[in-house]
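Peer 1: Okay, sequence plus prediction incoming.
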Amino acid sequence: MMKLKSILTGVVLVSLLGGCTTEIDDDGLRSGALEVPIGENTVTNDELYPTAGDEIDWKMVFLPSPGDLIIFTHWDQGDEIFDVKVGIYDRFGIPIKVETKPSGVKPFTVKSFVPESGLHFIKLTATTGRSIYSINVRHEPNEDGFIAPETAPDFSEYLDFDAEMEAKGNASGGDKKKADKKAEAAAPAAGGALPVAAAGGMALPTAAAGGMAAPSAPAAGGATIVQPAGDDEGASYKVKTLNNNTGKASESESFKPICGDIKGKYSTINADIKVITSNGKGSQIKLNVGKKQGVVEGAVAELYVNGKILEGGRIKIESISDNSCTGVSNAPKKVAEKASKVIVKVPG
């Protein structure tokens, strides 16, 4: 009898130990992310089992161009797994958008505009429970897409741009002559077509065939902060259109800056444009400088064409990450692409 009891005890122990086997797999780390295909009819199946240690699944996708990334998931045991999060991440593992699945829900979708092509990641996590899930990834090209941040910067420190324009109109004497000089800026020479970057990215103009040179590469270590600047940085460049029949240049429809200039002292940061997309009649512009280069909430940026500030092209910066920032401008995409220099103004 004792011998039988010992055998039964051993069976129970083996069973218990077998039930505690961890389910951690390679895609629990971003370095082991599994590639999932993009397409309406492509579905990948997997499982999250946080109770046994499998709390995280990383997937990777390769986007052909900027656009909307849509993640469809279906959770077979949606009411048996809890605190499920599905997130979209850039190539460096920085989150673009992360959402929590409501408890008990089986189908769940996360959608976000992504401004770059190439490698992106998807991360699925849960805290307790267990569920098999299916994932379908879709991509919709969208050059006009823009998702504003939940909280916009406070621009109360700036002059209202209508008041700013009125102040310029009331200039007299030497100031009036300077304002007149700004209005006489010459039209840019006609250049060749803009080059197109690989994988659907946007490339800036080259200096071939009379076109404008692209911005120079930033110095080693990224952009550098320039000495504090004054309130005026020179004449403005007015957008002009060349008539191919007459050979004469005429001013196109004017546009107001999207926000007022900084009131008082500021420092400046040299920047380069990473991505430009259309945003209504204006544009959304991503720059290669961020928090680590000194960009702070409330900063604005000026576009320069032919060495002069692009009138009406001021960028209102709305989101800032460690090494980049994104803003909007009333300058149309085709005009913003002509920029040969970008200066970010940081208040204070």
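Peer 2: On my side now, so go ahead. Owing to the predicted nature of the structure, the values given are computational and were not obtained by experimental measurement. Residues are numbered from 1 along each chain as shown.

Peer 1: Give the residue spans of this protein that score low on pLDDT.
Peer 2: For the chain, the stretches with pLDDT under 70 are 1-25, 143-234, 240-254.

Peer 1: what residues go with each domain of it?
Peer 2: Listed by automatic domain parsing, the domain ranges of the chain are 24-141, 161-347.

Peer 1: Compile the ones you listed into JSON lines and extend it with columns for mean neighbour count.
Peer 2: Glycine gets a C-beta too; all of them are placed from N, C-alpha and C. Shown next, in JSON lines, are the domains of the chain (neighbours: other C-beta atoms under 10 Å):
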{"stretch": "domain 24-141", "mean neighbour count": "17"}
{"stretch": "domain 161-347", "mean neighbour count": "17"}
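
Peer 1: which one is residue 296 nearest to, not counting chain neighbours?
Peer 2: Nearest non-adjacent residue to residue 296, counting by C-beta to C-beta, 6 or more residues apart in numbering: residue 346, 5.9 Å away.

Peer 1: which residues touch the one you found?
Peer 2: Each residue near residue 346 by C-beta atoms under 8 Å, 6 or more residues apart in numbering is listed here: 225, 266-269, 294-296, 299.

Peer 1: Quick check: neighbours of the strand or helix carrying it in the sheet, parallel or antiparallel?
Peer 2: If you go by DSSP states H and E, residue 346 is part of strand 341-347. When pairing is defined by DSSP bridges, strand 341-347 lines up against strand 266-271 (antiparallel), strand 300-305 (antiparallel).

Peer 1: Pull the biggest strand by length in the chain out as PDB, backbone CA atoms only.
Peer 2: Using DSSP state E to define each element, the chain has its longest strand at strand 131-141. Taking Å, rounded to 0.1, in the frame of the first residue of the first chain, the C-alpha atoms of strand 131-141 are listed here in PDB:
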ATOM      1  CA  SER A 131      -6.100  33.200 -25.600                       C
ATOM      2  CA  ILE A 132      -5.400  32.100 -29.200                       C
ATOM      3  CA  TYR A 133      -5.500  35.100 -31.600                       C
ATOM      4  CA  SER A 134      -5.400  35.900 -35.300                       C
ATOM      5  CA  ILE A 135      -3.700  39.000 -36.700                       C
ATOM      6  CA  ASN A 136      -4.200  40.600 -40.100                       C
ATOM      7  CA  VAL A 137      -2.100  43.700 -41.100                       C
ATOM      8  CA  ARG A 138      -3.200  46.100 -43.800                       C
ATOM      9  CA  HIS A 139      -1.500  49.200 -45.300                       C
ATOM     10  CA  GLU A 140      -3.200  52.100 -47.100                       C
ATOM     11  CA  PRO A 141      -1.000  54.700 -48.800                       C
END
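
Peer 1: now the helices: where do they sit in the stretch 201-348 of the chain?
Peer 2: 333-336 (DSSP state H, counting those that start in this stretch).

Peer 1: Note down every partner strand of the helix or strand containing residue 113 and its orientation.
Peer 2: Using DSSP H and E, residue 113 sits within strand 107-114. Here strand 107-114 has these sheet partners by DSSP bridges: strand 67-75 (antiparallel).

Peer 1: Contacts for the next helix or strand after the strand it pairs with next, please.
Peer 2: Downstream of strand 67-75, the first helix or strand assigned by DSSP H and E is strand 81-82. With contact meaning C-beta under 8 Å, 6+ apart, strand 81-82 is reached by 48, 50, 75, 103, 126-131.

Peer 1: Which strands or helices does whichever helix or strand comes after strand 81-82 pack on?
Peer 2: Once the chain leaves strand 81-82, the next helix or strand it forms, by DSSP H and E, is strand 85-89. Where contact means 3 or more C-beta pairs under 8 Å, 6 or more residues apart in numbering; DSSP states H and E, strand 85-89 is packed against strand 67-75, strand 95-100, strand 107-114, strand 118-125.

Peer 1: Residue 322 is nearest to which of these?
Peer 2: Nearest to residue 322, of all the helices and strands packed on strand 85-89, is strand 95-100, at 12.2 Å by C-beta to C-beta.

Peer 1: So which elements touch that closest one?
Peer 2: Using 3+ C-beta pairs under 8 Å, 6+ apart: strand 95-100 touches strand 85-89, strand 107-114.

Peer 1: excluding its backbone neighbours, what's nearest residue 291?
Peer 2: Per C-beta to C-beta, 6+ apart, closest to residue 291 is residue 322, 5.2 Å.

Peer 1: quick one: contacts of the strand holding residue 113?
Peer 2: 63, 66-75, 84, 86-88, 90, 96-99, 101-102, 120, 142, 145-147.

Peer 1: now with 7 Å?
Peer 2: 63, 66-75, 86, 88, 96-97, 99, 101, 120, 142, 145-147 (C-beta atoms under 7 Å, 6 or more residues apart in numbering).
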